[in-house]
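Peer 1: I would like to see how this sequence folds:
(chains A and B)
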Amino acid sequence: MKKITSNWQTAFVTVIVIILAIYPMLGPSSYLKHLFILFFIWSVVANYWNLLNGYVGINSLGNIGFLAIGGYTSGILSLRFGLSPLITIPIGGLVTGLLVTLFLGFPALRLSGIYIALLTLIFADTLPSILTQTRDITGGGMGLHEIPPFFPGMEKVHAYYICFLFFLIAMLILYKVIHSKTGLAFVAMRDSESLANTLGINRYQERLKVFAISSFMTGIAGGFYVHSLGDISPTTLSIEPFLLGLAMIELGGIGTFYGPILGAGAIVFGNEFLRLAGTLRLALLGALICGVILFYPGGIMQLVEELGKRIKVMLNRKKVTE
Amino acid sequence: MESFINAIVSGLISGSLYAAMALGLTIIYGISRIFNFGHGVIALIGAYTAWIFVQNSKIADMSLLLGILVTIAFLFLLGFLLYRYAMNPLMKKPNWDISTVLFMLGLGILLENVILQIFGPRVKSIPVFKEGYIRIGVVQINWHEIIIIFIVIIAIILLNVFFKRTRIGQAMRAVAQSIPGAQVVGIDIEKIFSYTFGLAFVVTGISGILLGTKYYMNPHIGWEWMVKGFVIVSFGGLGSTNGAIYAAIILGVVEALATLFLGAMWVWPIWFAIFMVVLLIRPQGILGGRA
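Peer 2: This next block holds a predicted model:
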C-alpha cells in the first residue's frame, strides 16, 4: 500500500468530489444521471471486491452474488412487507454479511487461496437455481419489479445524491479499514508471512473480519442498487456483471485505492459505447482483462504513476537549467 | 427398484464422463499449481473442433476419428503456446495465483464468445458412436455409453502408463511433488509445465468430445461442465488423479439418485452442499491432495 496523500492528489480528489456534487444542478439528462448512479454503486462493489482480491489476497469470485443477496433481501422486505428502505437496506447488508461469512468464510478461509475462489464461484452459480426454486418470494426468473424507491415520489436527482453520499461514506470506511490495524496486519502478512505470524497476527481471524466487512458493504450496495433502479432479476448473476466487476478492478489497477473507482468510471461509461459492438461486447471485455493482466498489470493507476514521475522529472530538469 | 438400478447405472456412466472431464483440471493443478478457470471452454473447443469434422464429411465413421486426431494436435499446441506466452510471464510475478485465475477467466469468456460468434447460439450435438442398446436383466445400456466407458478406462490406463513409465511423465510427477527438488535433479520446469498444459488440454478436449456425444452442447455449457469439474476435483483432493476419478463416479451416482427422488432442479444445490460438506469435514478430499 503506497502512501498516496501528497498535496496535489488531495486537491485533485477534492475537486472531483465538488464537481460530482454540483453536477446534477447543471441539468444533465436523466440517462446521464442514471449512469452516474450506476458508477457510484459499481465503484463501491468493485472497490470492496478489490479489498479482498487486491489487498488481502482472498480470491473471491462471488461478490456479485453478495450484491444480489443484499439487493434481493432489501427488495423483498420493502416490496412484500412494506418496510422503509432505510431499515431494509441495513438488514440486507447484515443478512449478506452473516450468510456469506457463515457459508463461505468459515469453511474456506482456513484453506489455501484456490478454495475460496472455487467456493465463491460455485456459490454465485447456485444462487439463480435457488431463486427459481423460491419463485413465490423472489419472483423466480422474472425477478422483482416496482421495488419502492428510497422515499415516495423520489426523482432521479434524489437518487443521485443518495447514492453519491453512500459512495463517499463507503469509500471513507474503506480508507479507514485499509489504514486500520487489520489493514496494517494485511500489509505485514503480504510482505512477510512468517514475520506477521511471529508478531502474533491471527491470519484466519483477520481474513474473516475483512471478508465480513466486504460482504456487508457489498450487500448494502445491493440495497442501494435495487431501490434506485427499481428492479432486480437473476440476470444480475449472469456472466456480464461478473465480468464488468473484474474488468473494473483490473483496468483500474488491482490493489490500489483509487484504481477500482477509475476502472468503474471507465467501464460504466465505456460499456455504453461497447453496446455498439453487440454480441462481441463480452469477448472484448474478456480480451481487455487478459490484455491488462498480461501487458499492463498496474492498469490505469500505473499509467497515472508513470505520468506523474515523468512530470516530476521534467520539473526537476527545469529547476536545474534555471 | 428397476428405476433405482437404472439410475445407478446412468449415474456410473455420467460419472465416468465427469471423471474424464476432471482429469484435465487435476493434472494441471497437480503439476503446475495453476487452477485452470478456462477449463470449460477448452473442453468446448475440443467438442466444436470434432463437430466441424463430423459435419463436413461424407464418410461418417472416419471423420470423427480424424476430428479427434486434429483436436488432439490443436489443443496440445494451444496449451503449449498458452503456457509459453501467457502463463509463464505471469508465474514470475509475486501475485501469480490471482492473476492466473483472472487471466484464465477472461480468456475463457473471450473464447466462449468467439465460439458463439462462429457457431451461433443453437444447440448442437456430435452423433453417437454406435446406435442401439443391450439389455442385462432390468438394466438397459446404450452401445454408445458402453463405448464411452471403454474410452474413459483406456484413457485412464494410458495416462497412468505415461506418468509411470515415460521419462517426461516421471519428470511431471517429480515436479508435482516438489519444484525445487525437481530443479535440483536438472528438470527444466518451464518445459515440463508447457507439456503439462498441452497434455491437460488434450485430455480436456477429448472429454469435451465425449460430453458432446452423450449430451448436447452450446457455447455456454462449458461453465456448467467446469463448475462440476471443480466440485469433483476438490472432493477427490486437489491434484490427486485417482481421487478425481472416484469422486466423479460417486458424484455421478448421487446426481442420478437426486434427479430420481427430488427432481432435476435440486441437482445444483446438492452439488453445492456436497462441496461445502467436503470443505468443512475433509478439505484435503477423499484421497488427500493439497489443502
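Peer 1: the helix or strand containing A:Gly92 close to chain B?
Peer 2: When secondary structure is defined using DSSP states H and E, the element that contains A:Gly92 is helix A:85-100. No: using Cβ under 8 Å from any Cβ of the partner chain, helix A:85-100 stays clear of chain B, coming no nearer than 12.5 Å. Where C-beta positions appear, they are placed from N, C-alpha and C, glycine not excepted.
Peer 1: where are the low-confidence patches of chain B?
Peer 2: B:57-61, B:288-291 (pLDDT under 70).
Peer 1: check the secondary structure at the closest residue to A:Gly252 other than its chain neighbours for me.
Peer 2: By the measure of Cβ to Cβ, 6 or more residues apart in numbering or on different chains, the closest residue to A:Gly252 outside its immediate chain neighbours is A:Gly263, 2.6 Å from it. The three-state assignment at A:Gly263 reads helix, by DSSP: H, G, I helix; E, B strand; the rest coil.
Peer 1: count the residues that sit near A:Gly263.
Peer 2: By the criterion of other Cβ atoms under 10 Å in any protein chain shown, A:Gly263 has 32 neighbours.
Peer 1: roughly how far apart are it and chain B?
Peer 2: Counting by Cβ to the nearest Cβ, to the nearest Å, the gap from A:Gly263 to chain B is 13 Å.
Peer 1: what packs against the helix holding A:Gly92?
Peer 2: Based on contacts counted as 3 or more Cβ pairs under 8 Å, 6 or more residues apart in numbering or on different chains; DSSP states H and E, the elements that helix A:85-100 packs against are helix A:63-81, helix A:203-229.
Peer 1: so whichever helix or strand comes after the longest one versus helix A:63-81, what angle?
Peer 2: This means helix A:203-229. Stepping forward along the backbone from helix A:203-229, the first helix or strand reached (DSSP H and E) is helix A:239-252. With axes from the mean of the first three to the mean of the last three Cα atoms, to 10 degrees defining the directions, helix A:239-252 sits at 130 degrees from helix A:63-81.
Peer 1: helix or strand right after the longest helix along chain B?
Peer 2: Looking across chain B with DSSP state H, the single longest helix is helix B:2-32. Read in the C-terminal direction, the helix or strand following helix B:2-32 is helix B:39-55, with elements assigned using DSSP H and E.
Peer 1: determine how far that next one lies from the middle of the whole chain.
Peer 2: Remark: helix B:39-55 is offset 13 Å from the chain centroid, using Cα atoms, centre = their mean, to the nearest Å.
Peer 1: show me the helices in chain B, by range?
Peer 2: Counting by DSSP H, the helices of chain B are B:2-32, B:39-55, B:60-82, B:88-91, B:96-119, B:143-165, B:167-177, B:179-184, B:189-214, B:221-236, B:241-261, B:267-281.
Peer 1: would you mind measuring from the residue nearest to A:Gly252 to A:His179?
Peer 2: Noted for A:Gly263: a distance of 21 Å to A:His179, by Cβ to Cβ, to the nearest Å.
Peer 1: rewinding a little: tell me the pLDDT at the residue nearest to A:Gly252?
Peer 2: pLDDT, the model's per-residue confidence, is 93 for A:Gly263.
Peer 1: ok, now which ones touch it?
Peer 2: For A:Gly263, the set of contacting residues under the criterion of Cβ atoms under 8 Å, 6 or more residues apart in numbering or on different chains consists of A:Ala46, A:Ala247, A:Met248, A:Ile249, A:Glu250, A:Leu251, A:Gly252, A:Gly253, A:Gly299, A:Ile300.
Peer 1: same thing but at 6 Å, please
Peer 2: A:Met248, A:Leu251, A:Gly252 (Cβ atoms under 6 Å, 6 or more residues apart in numbering or on different chains).
Peer 1: can you count the residues close to the last one?
Peer 2: When you say that, I think you mean A:Gly252. Residues contacting A:Gly252 under the criterion other Cβ under 10 Å number 29.
Peer 1: so it touches A:Leu262, yeah?
Peer 2: Yes: distance between A:Gly252 and A:Leu262: 4.6 Å, which falls inside the contact criterion (Cβ atoms under 6 Å).
Peer 1: mutual contacts of these two, please.
Peer 2: Contact criterion Cβ under 6 Å, 6+ apart; residues bridging A:Gly252 and A:Leu262 by contacting each: A:Ile300.
Peer 1: so for the helix holding A:Gly92, what gets flagged as buried?
Peer 2: Going by neighbour count (16 or more other Cβ atoms under 10 Å in any protein chain shown), the buried part of helix A:85-100 is A:Pro85, A:Thr88, A:Ile89, A:Pro90, A:Ile91, A:Gly92, A:Gly93, A:Val95, A:Thr96, A:Gly97, A:Leu99, A:Val100.
Peer 1: before we move on, what about stretch A:71-82?
Peer 2: Going by neighbour count (16+ other Cβ under 10 Å), the buried part of stretch A:71-82 is A:Gly71, A:Tyr72, A:Thr73, A:Ser74, A:Gly75, A:Ile76, A:Leu77, A:Ser78, A:Leu79.
Peer 1: could I get the CA-only coordinates of it as CSV?
Peer 2: The C-alpha coordinates for stretch A:71-82 follow below in CSV (Å, rounded to 0.1, in the frame of the first residue of the first chain):
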residue,chain,number,x,y,z
GLY,A,71,-30.5,-6.4,-3.2
TYR,A,72,-33.0,-9.3,-3.0
THR,A,73,-33.3,-9.1,0.8
SER,A,74,-33.9,-5.4,0.8
GLY,A,75,-36.2,-5.6,-2.2
ILE,A,76,-38.3,-8.4,-0.8
LEU,A,77,-38.6,-6.8,2.6
SER,A,78,-39.7,-3.5,1.3
LEU,A,79,-41.9,-4.9,-1.5
ARG,A,80,-43.7,-7.7,0.4
PHE,A,81,-43.8,-6.2,3.9
GLY,A,82,-43.9,-2.5,3.1
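Peer 1: other residues contacting that stretch?
Peer 2: Taking Cβ under 6 Å, 6+ apart as the rule, stretch A:71-82 contacts A:83, A:85, A:88-89, A:92, A:95, A:144, A:147-148, A:222-223, A:225-226, A:232.
Peer 1: what's the closest of those to B:Trp223?
Peer 2: Nearest to B:Trp223 out of these is A:Ile232 (Cβ to Cβ; 21.5 Å).
Peer 1: flag every residue of the stretch 101-250 of chain A that's near chain B.
Peer 2: Proximity of the stretch 101-250 of chain A to chain B, by Cβ under 6 Å from any Cβ of the partner chain, involves residues A:Pro107, A:Ala108, A:Leu111, A:Gly113, A:Ile114, A:Ala117, A:Leu118, A:Ile122, A:Asp125, A:Thr126, A:Ser129, A:Leu243.
Peer 1: let me see the contact set for the second one.
Peer 2: When contacts are counted by Cβ under 6 Å, 6+ apart, A:Ala108 touches A:Tyr115, A:Ile116, A:Leu119, B:Leu279.
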